[in-house]
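Student: Provided below for reference: sequence and predicted model.
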Amino acid sequence: MRLKTVLAGVLAVWVQAALAATEVRLAVHDSYDLPKETITAFESANDAKVVILKMGDGNAMLNRLILTRNEGGVADAVYGLDNNTVAKAHSAGILAARQPASARTVVQLPHALAVDYGFVTLNYDKKWFAEKKLPLPKTLADLAQPAYRNLLVMPNPATSTPGLAFLLANIRGLGEEGAFAWWAKMRQNGVKVTQGWSDAYYKEFTLNGGARPLMVGYASSPAAEVFYSEGKLTQPNMGLLFLPGGSYLQIEGAAVLNHAKQPALAAKLVQHLQSAVVQKTIFRAMWVYPAVQGTPADPMMRHSTVPQRPALLPPAQVAQKQKDWVARWTRTVLK
């Protein structure tokens with residue numbers, strides 16, 4: 001009788017293990033905030049358990065994936081690579097050689113499936129500038145003038161994807177030498193550097209109690225401000241400043257990682273991020289635009305404007321020059 005009880009217990013464990021959902025790990029950056037139901041929909045359809053691994057800002061996430069590539073991989077798929085980091089990810093060998101088929105999208109990424117896109121630009125505090133009666137700068141050169149001393153906060157390009165995107169916009173707009181000459185002036189004019197966007201927005205921006213009324217951020221941020229006011233605002237207090245050489249198109253995507261323990265399930269998860277259930281929620285969830293063609297526009301988009309001519313550099317050029325550009329920026333601004 002006791003033997004039967006033991007065997008029954010062992011059998012129950014075997015059955016439970018057989019029926020357990022298969023775990024698939026998704027590496028993301030800290031800004032990831034998709035609604036839980038978008039992931040549970042995938043889990044239910046695929047008898048899976050999705051483990052979300054937040055790995056810091058976009059560049060920090062990529063660096064961690066590269067550093068752990070010889071450890072058998074810490075994730076099966078990644079979401080949050082962008083047009084400034086995907087070529088580096090590919091050359092580092094962390095992406096699977098074959099990626100799943102993509103839906104039709106309005107923007108594209110090499111080596112990954114495009115999921116969303118947005119625009120890095122300058123945000124400003126409307127009330128602050130109105131009260132100070134200070135005209136808005138019209139060029140990047142204006143920002144280096146004494147009138148704008150100690151007003152700008154900037155995420156570090158070495159650790160922040162919007163910070164890197166802004167630097168690339170400067171290089172595209174001013175030329176390489178012109179961009180670094182401008183940054184040398186900005187150092188003298190008191191630019192403040194944070195590790196990531198969150199610190200710049202929540203700790204340094206005047207709208208949140210900080211001392212800086214200008215920050216490098218996103219074109220969609222005014223819509224987010226109105227949404228999170230829960231009806232208190234009908235118009236944003238945050239404005240957008242589209243200066244020549246100051247806006248950049250950022251395309252984010254997802255990809256299966258090399259050494260994935262569950263490559264087939266990871267491929268399905270990557271494709272799921274292009275599904276209607278995800279795409280229709282992505283603007284309000286993460287304040288970026290859905291990449292898949294035909295996704296209905298979110299009404300909150302009316303509070304955001306997109307730059308007419310955002311800068312964009314070829315991913316291969318960024319991959320080739322990024323390390324040198326970031327190192328030069330660090331020497332110019334921080335050391």
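Tutor: Here it is on my side, so go on.
Student: tell me where the model's unsure across this structure.
Tutor: The chain contains residues with pLDDT under 70 at 1-19, 72.
Student: in it, which spans are strands?
Tutor: Taking DSSP state E, the strands of the chain run over residues 22-28, 48-54, 77-82, 113-125, 152-155, 192-194, 214-218, 238-241, 248-256, 289-290.
Student: nearest to residue 92, out of the ones you listed?
Tutor: The minimum distance between residue 92 and the strands of the chain falls on strand 77-82, with 11.2 Å, by CB to CB. C-betas here are computed from N, CA, C, even on glycine.
Student: what are the buried residues along that closest one?
Tutor: Neighbour counts over strand 77-82 (16 or more other CB atoms under 10 Å) mark 77-82 as buried.
Student: and for stretch 52-71?
Tutor: Buried-residue list, stretch 52-71, by 16+ other CB under 10 Å: 53, 55-65, 68-69.
Student: quick one: contacts of stretch 303-320?
Tutor: Here stretch 303-320 makes contact (CB atoms under 8 Å, 6 or more residues apart in numbering) with 83-84, 86-88, 90-91, 109-110, 119, 121, 168-169, 171-173, 219-223, 225-226, 235-236, 240, 242, 245, 247-249.
Student: could the buried residues of strand 77-82 go into TSV alongside distance to residue 210?
Tutor: Below are these laid out as TSV (distance: CB to CB, whole Å):
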residue	distance to residue 210
77	36
78	32
79	30
80	26
81	30
82	26
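Student: which single one of those residues is nearest to residue 188?
Tutor: When the buried residues of strand 77-82 are ranked by distance to residue 188 (CB to CB), residue 82 comes first, at 30.7 Å.
Student: I figured that closest one hits residue 168, correct?
Tutor: No. With contact defined as CB atoms under 8 Å, residue 82 does not reach residue 168; the gap is 10.9 Å.
Student: returning to that earlier point: among the strands of the chain, which comes closest to residue 39?
Tutor: Nearest to residue 39 among those is strand 48-54 (5.0 Å), distances taken as CB to CB.
Student: any idea of the angle that closest one forms with strand 22-28?
Tutor: Taking axes from the mean of the first three to the mean of the last three CA atoms, to 10 degrees, strand 48-54 and strand 22-28 form an angle of 20 degrees between their directions.
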